[in-house]
Structures are given as structure tokens and as C-alpha cells.
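Novice: no sequence on this one, just coordinates:
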């Protein structure tokens, strides 16, 4: 299978390219500016892919508050350009990647809280979440209006080696590794009470390929573990792996204008349709993430898929 991956040099893109290649796929990586309609059209036409994995995006939730227009343009207009380019090139199937942040403010409080499923109403609260909800409409129109075979992956939090320190677990791991180098003993953190559904990026990219093989066009699939964990738990596990004792310290500058209390997804649909389930335990993911920052203070490394 010949695959084109937009955003191929990003965190998930690097892992996806490694996974697709290990599966024997012929992979074309693209970092063409998706806002340049002519350029992305030419890139997809030249690649002649069977499938397109559209990963290129503005993915910084916190940063979207400062750059809402840029976020909307990249994630909505860019998605339109990729869909049109894929259709014109005769691509058989497109994977559109959105985010569980589209759910926004949902009540998942209390011990009996229900997991979110793919039919839960969308109530985005951040500019990023709004842009991803709008992108889903673009994908839906491409499917219903043009017959482009789009499968949507609505992904929950994912993490692993190579992730930017703009994201919570990776940020904490990078600060711990920096402390190990300079001898500091405190780790600045933001909101530790938020609960998120975390999945290893290497499991996530397996899900993406399986969706290209077995997902139903026009359908949305959760890519998630089905378990939520408090950010505090993640932070404490990482601190527990540090070379010497460290303490967590609240930094008000790291708090977001709006932070969702809980996001936890039901992964029944993807398990039923593709047979996928997460394999890598969170303890292994966090260990690999911290080791990444110990090896790479600058945060740059090409991943090896396992």
C-alpha cells in the first residue's frame, strides 16, 4: 500500500512513518504547507497515494488561545485543501485525525461516570477544540458531497518518546531530566487534578493503519485506552523514576484559561471493527518518555517503532 503522511516530521508523524514502513508500506512523507492549496495539490498528485494520513495540524491546545485565527486556518482550511487534493489525485481512502477535545464540557464526574462514545454531543471550549470540530464537518462534507472515503480517528491524549514539551506528560518529563542535569529538586506543574485517557503513541499509530484497512468510510472511531488517569498520577509516576528525590510545585503560569475536568473514551467501536486494543502499559510509556528527554535535551530524535 502506498501511503502519504502529512505532518510526517511531527511527533505522531515520525512514529506513523516508522510503523507503516515496518509493515511493508511504501511511505511518502510530506511537510508541505497545507495552507498552500496549489502546493499540497501538487504534492498529493505527485505521490499518487492509495491512502492519505492527514496529521499536519496546529495541535497546541494552550497555544490556540493566543493564536485562534492561525489555529482555525491550519486545522480547517488546511483540512479542506488536503481533502480536495486527495480527491483530485484519486486517493482511495483518507484518515482524518481529530481530537477528544471536541467534546468540551461534559459531565464525567462521580464514580459512576459514563465513558464518552462517538455519539456524545460536541461542546468545544478552546479554539483548538472548535477547529477540530469544524474539521470534522469538512471531512463529513468530503464524504457525503464528493464520495471521498474518509475515516475519522477521534483521538484522546497520546504520549511517548519524541513528544513536544508543550504537552503535559512530556513537559514534566523534560523538567525532571533537566533537574537531573542541573541538580534542581522542584518540578513546576499546572493543573494536576484533570483526568485524561492516555494511550502510547506507538499504539495510536497501529490504530491508524488498522482504520485504513478496516474502518468504515464516514464513521468516527475513538482511539483511546478506555481508562482515565489524573495528571497528578502521571506526574507522581514520573517523579518516582527520577534519579533523586524531587517535588511537584504549582506554577500558576502553566494553568489554562479553561481546563476540562475529565475526558475518558469508550473504545468499543474500534475494537469491534478492527481488533485493535492498546498493548503498551503506561509505566513503560512514561519510562520511555523520561529516557527520551535524558538522551535528548533538545527534544529531537527519530523514533524506532516497536
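Specialist: That came through, no problem. Note that the structure is predicted; figures quoted are calculated from it, not measured.

Novice: Residues touching stretch 267-286, excluding its own?
Specialist: 117-118, 159-160, 169, 173, 198-200, 202-203, 206-207, 210-211, 213-216, 219, 221-226, 229, 234, 237-238, 241 (Cβ atoms under 8 Å, 6 or more residues apart in numbering). For glycine as for every other residue, the C-beta is placed from the backbone atoms N, C-alpha and C.

Novice: Where strands are concerned, which of the residues you listed count?
Specialist: 159, 199-200, 221-223, 229 (DSSP state E).

Novice: Closest one of those residues to residue 144?
Specialist: Nearest to residue 144 out of those is residue 221 (Cβ to Cβ; 17.7 Å).

Novice: just checking, that closest one touches residue 117?
Specialist: No. Using Cβ atoms under 8 Å, residue 221 makes no contact with residue 117, being 10.6 Å away.

Novice: quick one: which of those two has more around it?
Specialist: Between residue 221 and residue 117, counting by other Cβ atoms under 10 Å, residue 221 is the more crowded of the two (27 against 13).

Novice: Give me the below-cutoff pLDDT ranges for this protein.
Specialist: Residues of the chain meeting the criterion pLDDT under 70: 107-113, 258, 300-306.

Novice: Show me where it has its helices.
Specialist: 11-22, 37-47, 61-64, 68-72, 78-88, 127-146, 168-182, 201-214, 231-240, 268-274, 282-295 (DSSP state H).

Novice: Let's have those helices in TSV, adding mean neighbour count and distance to residue 261.
Specialist: Converted to TSV, these look like this (neighbours: other Cβ atoms under 10 Å; distance: least, Cβ to Cβ, whole Å):
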stretch	mean neighbour count	distance to residue 261
helix 11-22	22	25
helix 37-47	17	37
helix 61-64	20	15
helix 68-72	17	23
helix 78-88	23	28
helix 127-146	20	14
helix 168-182	20	14
helix 201-214	22	23
helix 231-240	18	11
helix 268-274	17	23
helix 282-295	19	20
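
Novice: of all those helices, which lies closest to residue 54?
Specialist: helix 78-88 (4.9 Å).

Novice: Need the buried ones from the ones in strands among the contacts of stretch 267-286 selected in PyMOL.
Specialist: Of the ones in strands among the contacts of stretch 267-286, the buried ones go into a single PyMOL selection, burial set by 16 or more other Cβ atoms under 10 Å:
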select buried, resi 159+199+200+221+222+223+229
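
Novice: Now for the ones in strands among the contacts of stretch 267-286: which two are most distant?
Specialist: Every pair of the ones in strands among the contacts of stretch 267-286 checked by Cβ to Cβ; the farthest is 221 and 229, at 21.5 Å.

Novice: how long is stretch 68-81 from one end to the other?
Specialist: In stretch 68-81, first residue to last residue: 19 Å (Cα to Cα, to the nearest Å).

Novice: what about stretch 184-203, distance to the chain center?
Specialist: Here stretch 184-203 is found 15 Å from its chain centre; the criterion is Cα atoms, centre = their mean, to the nearest Å.

Novice: which of the residues in it are buried?
Specialist: So, applying 16+ other Cβ under 10 Å, buried residues of stretch 184-203: 187, 189-192, 194-203.
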